[in-house]
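In: Sequence and computational prediction follow.
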Amino acid sequence: QQQVRQSPQSLTVWEGETAILNCSYENSAFDYFPWYQQFPGEGPALLIAIRSVSDKKEDGRFTIFFNKREKKLSLHITDSQPGDSATYFCAASKNGGYKVVFGSGTRLLVSP
Amino acid sequence: EAAVTQSPRSKVAVTGGKVTLSCHQTNNHDYMYWYRQDTGHGLRLIHYSYVADSTEKGDIPDGYKASRPSQENFSLILELASLSQTAVYFCASSEGTGGDERLFFGHGTKLSVL
């Protein structure tokens, strides 16, 4: 049972383009959605997160767009850089809950 | 910056053997977690702990045991390793579980069971 789904599995963009990573979820009780970035050989690290009361969260070149009605969110990476090449995990959790559910990840490659 | 250290970084084990993966955190965090990463499955929670000497089952606990002898240390134990347990294992810690707590991950342990 995949509670958090991500697409595409892999994505290649040119340097300077906007990369769009998609995520959807099933459990309407989820109210916190962090995105984690993972480089090869390392553990995931928190990149940006949004709560369900908001529809947009911006941090520099990274923006989350959230649609609660459709249970969808997306991560936009503007002016993509080769250093952004990594795997990005969408995750979800419920306030007060211990469990963070991860999607299967999107592998992003930014070509110079 | 929170620090979570895992050992070993990689291990080769034989089927049926016992494997212990160790994790140490220096952040005074209450919560510690063991995740398993497989291609196409993302990260799945095996066990977690919110206090020393107590552990809880996550989503995929079968075939794994956990031990939390102190706040800083959390181990994952495979009593009888199997081929299907070949994966990368990540330990993580967090301050609490308010639902929006940041997880701090270690670098992972790559386990190959032959």
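Out: Sure, I can see it. Numbering: from 1, shown residues only, chains lettered A, B, ... in the order given.
In: show me where the chain has strands.
Out: Picked chain A for this. Listed in chain order, the strands of chain A (DSSP state E) span A:4-7, A:10-14, A:19-25, A:32-38, A:45-51, A:56-59, A:62-67, A:72-77, A:86-92, A:101-102, A:106-111.
In: wait, I meant chain B there
Out: All strands of chain B, identified by DSSP E, fall at B:4-7, B:10-13, B:19-25, B:31-38, B:42-51, B:54-57, B:65-67, B:73-78, B:87-94, B:104-105, B:109-113.
In: So which residues make contact with the shortest one?
Out: It stands for strand B:104-105. By Cβ atoms under 8 Å, 6 or more residues apart in numbering or on different chains, the surrounding residues in contact with strand B:104-105 are A:43-45, B:2-4, B:25, B:27, B:29, B:35, B:90-94. C-beta here means a position set from N, CA and C on the backbone, and glycine is covered the same way.
In: tell me which of those residues is nearest to A:Gln9?
Out: Taking Cβ to Cβ as the measure, A:Gln9 lies nearest A:Pro44 of the contacts of strand B:104-105, at 16.7 Å.
In: gap between that closest one and A:Lys68?
Out: For A:Pro44, the distance to A:Lys68 equals 25 Å [Cβ to Cβ, to the nearest Å].
In: how about the residues of chain A near chain B?
Out: Counting by Cβ under 8 Å from any Cβ of the partner chain, chain A comes close to chain B at A:4, A:6, A:9, A:31-32, A:34, A:36, A:41-46, A:49, A:51, A:89, A:93-100, A:102-105.
In: Give the ChimeraX command for selecting the buried subset of those.
Out: Command for ChimeraX that selects the buried part of those, burial taken from 16 or more other Cβ atoms under 10 Å in any protein chain shown:
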select /A:4,6,31,32,34,36,43,44,49,89,93,94,98,100,102,103,104,105
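In: where does chain A have low pLDDT?
Out: In the predicted model of chain A, residues A:1-2, A:96-98 satisfy pLDDT under 70.
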